[in-house]
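K.L.:
The amino acid sequence is not available; the structure is as follows:
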């Protein structure tokens with residue numbers, strides 16, 4: 001699995017729901033804020049796995065605490 005040290009992204013083969021087959025994906029982990037309330041935003045950050053198909057551009061996200 002090639003990793004880009006500048007962006008903490010990796011490329012790997014995995015199923016794409018839109019393409020209907022295994023394709024190359026760019027995979028990364030992002031910290032996302034879930035709360036819309038400004039005063040609680042700092043307490044609502046969660047890690048998400050983000051996989052983007054390099055063939056069709058479909059993005060799939062998975063909340064890591066639910067994986």
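P.N.:
Ah, there it is. On a predicted model such as this, the values are computed, not experimentally measured, just so you know.
K.L.:
Low-confidence stretches in the chain?
P.N.:
Flagging of the chain using pLDDT under 70 yields the residue ranges 1-9, 40-42, 66-67.
K.L.:
Am I right that residue 54 is in contact with residue 11?
P.N.:
Yes: using CB atoms under 8 Å, residue 54 makes contact with residue 11 at a distance of 7.2 Å. Bear in mind the C-beta positions are built from the backbone N, C-alpha and C, glycine included.
K.L.:
shared neighbours of these two, anything?
P.N.:
Taking CB atoms under 8 Å, 6 or more residues apart in numbering as the criterion, residue 54 and residue 11 both touch 24, 25, 26.
K.L.:
how close does the closest residue to the first one other than its chain neighbours sit to residue 46?
P.N.:
Taking CB to CB, 6 or more residues apart in numbering, and ignoring the residues beside it in sequence, residue 24 has residue 54 as its nearest neighbour in space, at 4.4 Å. In this structure, residue 54 and residue 46 are separated by 25 Å, where distance is defined by CB to CB, to the nearest Å.
K.L.:
ok, then the element right after the lengthiest strand in the chain?
P.N.:
Among the elements of type strand in the chain, defined by DSSP state E, the one spanning the most residues is strand 21-33. Moving toward the C-terminus from strand 21-33, the next helix or strand (DSSP states H and E) is strand 45-53.
K.L.:
Also compute the angle for that following strand relative to strand 21-33, please.
P.N.:
For strand 45-53 against strand 21-33, the angle by axes from the mean of the first three to the mean of the last three CA atoms, to 10 degrees is 160 degrees.
K.L.:
buried residues in strand 45-53?
P.N.:
With burial defined by 16 or more other CB atoms under 10 Å, the residues of strand 45-53 counted as buried are 48, 50, 51, 52, 53.
K.L.:
Distance to residue 16 added to those residues, as a markdown table?
P.N.:
Output for those, formatted as a markdown table (distance: CB to CB, whole Å):
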| residue | distance to residue 16 |
| --- | --- |
| 48 | 18 |
| 50 | 14 |
| 51 | 9 |
| 52 | 10 |
| 53 | 4 |
